[in-house]
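> Please work out how this folds:
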Amino acid sequence: MLKLHGHELSGNSYKVRLLLELLGLDYEWVRVDLMAGEHKGEAFLALNPFGQVPVLEADGPTLADAQAILFYLAARQGDGQWLPADPLGQARVVRWLSTAAGEVRQGPESARLHHLFGVKAIPIERATEKAAFLLDQLERHLAHRQWLELERPTIADIAVFPYVALAPDGGIDLAPYPNVSAWIRRIKALPGYVPMKGLEA
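Residues are numbered from 1 along each chain as shown. Below you'll find the predicted structure:
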């Protein structure tokens with residue numbers, strides 16, 4: 001059985017859990033106590049030397065990094081629903097995985113860390129500017145489409161969704177972004193959707 005190591009307040013852990021639920025896959029949830037520093041302990045570092053959640057134990061291989069795990073699970077499913085088989089379609093989806101690891105992390109994810117978890121080393125003005133830039137781009141991109149790519153939900157949506165939807169935790173108002181808000185509602189309406197704290201259905 002698949003085993004997902006993560007924390008309930010981690011958006012990166014949540015995006016993997018969400019895809020597992022949407023795929024209808026059986027898995028075991030293993031809570032990693034980030035507040036107690038469990039992710040820096042010897043046992044966890046043996047799974048991921050970077051000391052970060054999530055980690056997926058997948059019937060043999062152990063995978064780290066949320067975006068990589070999303071790609072693996074979608075490709076493993078093999079039906080092309082969440083990850084297309086053609087190179088151009090894959091490139092369009094992977095572009096958003098990079099956005100999740102770049103602009104999303106630098107913007108709304110960092111602002112949430114600053115406000116919700118008190119990480120004062122994060123320059124909040126810069127994070128807020130990055131979040132506004134990202135949300136402006138998403139608002140325009142979603143003006144004439146339902147999903148980020150391919151006119152159906154893919155792992156592009158799952159990768160970007162959590163920290164954008166959690167932006168209010170970082171003091172960022174989503175009201176000026178109606179297209180983004182409508183996209184968030186569409187994801188929450190997907191069969192199999194499960195919420196996390198701050199993202200109730």
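> Which parts of this protein are strands?
Secondary structure of the chain by DSSP state E: the strands cover 2-6, 27-31, 55-57, 62-64.
> Pipe these into a markdown table and attach mean neighbour count per row.
(Glycine included, C-beta is placed from N, CA and C.) As requested, these are exported to a markdown table (neighbours: other Cβ atoms under 10 Å):
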| stretch | mean neighbour count |
| --- | --- |
| strand 2-6 | 20 |
| strand 27-31 | 14 |
| strand 55-57 | 22 |
| strand 62-64 | 16 |
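> Turn those strands into TSV, including mean pLDDT and distance to Ser110.
Output for these, formatted as TSV (pLDDT from 0 to 100; distance: least, Cβ to Cβ, whole Å):
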stretch	mean pLDDT	distance to Ser110
strand 2-6	95	19
strand 27-31	95	24
strand 55-57	96	22
strand 62-64	95	20
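> could you dump the helix or strand bottoming out on mean pLDDT in the chain to CSV, C-alpha only?
When each helix and strand of the chain is scored by mean pLDDT, DSSP states H and E, helix 42-47 comes last, with a mean of 87. Extracted C-alpha coordinates of helix 42-47, given in CSV (Å, rounded to 0.1, in the frame of the first residue of the first chain):
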residue,chain,number,x,y,z
GLU,A,42,17.3,10.6,11.8
ALA,A,43,14.3,8.3,10.8
PHE,A,44,12.7,10.9,8.5
LEU,A,45,16.0,12.1,7.0
ALA,A,46,16.6,8.5,5.9
LEU,A,47,13.4,8.9,3.8
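> Show me what counts as buried in it.
44, 47 (16 or more other Cβ atoms under 10 Å).
> do the same with stretch 160-180
So for stretch 160-180, counting by 16+ other Cβ under 10 Å, buried means 160-172, 174, 177, 179-180.
> what residue of this protein is the furthest out?
Glu42 (26.0 Å; Cα atoms, centre = their mean).
> Contact partners for the closest residue in space to Leu199 that isn't next to it in sequence?
The shortest distance from Leu199 to any non-neighbouring residue, by Cβ to Cβ, 6 or more residues apart in numbering, is to Ala165 (5.4 Å). Residues near Ala165 by Cβ atoms under 8 Å, 6 or more residues apart in numbering: 184, 187, 199.
> can I assume the second one is in contact with Phe161?
Looking back up the chat, that one is Ile187. Yes - in this structure Ile187 lies within contact range of Phe161 using Cβ atoms under 8 Å: 5.3 Å.
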